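J.: Predicted coordinates and the sequence they were generated for:
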Amino acid sequence: MAVVKPLPEEKAPDDLKPIYESMKKKFGRMPNFFGVMANKPEVLKNFLPFYAAATGPGALDHRYKELAYLKTSILNGCEY
């Protein structure tokens, strides 16, 4: 199976630099999940608003959203 590695910040195009900085402020680093998407900048740029809407304020508490996220990752055999 092919492995897609996260795009290191130094290889990221200039238009992604603000996203890398924002992620580092929020998470302390660029999470691999987003770093992999950075290989196709248009994918990362379009995914971020969706992700913010799905994980942001809503009818469910954040902890339940996180549990659903983790359970889905486990069911799909994600390694992290």
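T.: Cool, the structure landed. Fair warning: this is a prediction, and the values are worked out from it, not measured in the lab. Residues are numbered from 1 along each chain as shown.

J.: give me every residue that touches the nearest residue to residue 39 once chain neighbours are set aside.
T.: Nearest residue to residue 39, sequence neighbours excluded (CB to CB, 6 or more residues apart in numbering): residue 7, at 5.1 Å. Where you see a C-beta, it was placed from the backbone N, CA and C, and this is true even at glycine. Applying CB atoms under 8 Å, 6 or more residues apart in numbering, we find residue 7 in contact with 16, 35, 36, 38, 39.

J.: SS state for residue 7?
T.: Here residue 7 is coil, with the state taken from DSSP: H, G, I helix; E, B strand; the rest coil.

J.: Hmm, residue 47 is touching residue 40, no?
T.: No. Look at residue 47 against residue 40 with CB atoms under 8 Å: they stay out of range, at 9.8 Å.

J.: Find residues that contact each of the two.
T.: For the pair residue 47 and residue 40, no residue contacts each of them under the criterion CB under 8 Å, 6+ apart.

J.: Just the pLDDT at the residue nearest to residue 39, thanks.
T.: pLDDT, residue 7: 96.

J.: neighbours around residue 6, how many?
T.: Other residues near residue 6 number 16, with proximity taken as other CB atoms under 10 Å.

J.: Same question for residue 34.
T.: In terms of burial, residue 34 registers 20 neighbours under the definition other CB under 10 Å.

J.: Three-state assignment for it, please.
T.: helix.

J.: Closest to the centroid, which residue in this structure?
T.: By CA atoms, centre = their mean, the chain has its centre lying nearest to residue 34, at 3.3 Å.

J.: does it really touch residue 44, like I thought?
T.: Yes. With the criterion set as CB under 8 Å, residue 34 and residue 44 qualify as a contacting pair; they are 6.3 Å apart.

J.: Now do the shared contacts for these two.
T.: Between them, residue 34 and residue 44 share the neighbouring residues residue 19, with contact defined by CB under 8 Å, 6+ apart.

J.: What residues sit buried inside the helix-or-strand element of the chain with minimal mean pLDDT?
T.: One helix or strand of the chain scores below all others by mean pLDDT, DSSP states H and E: helix 62-75, with a mean of 90. For helix 62-75, burial by neighbour count (16 or more other CB atoms under 10 Å) applies to no residue.
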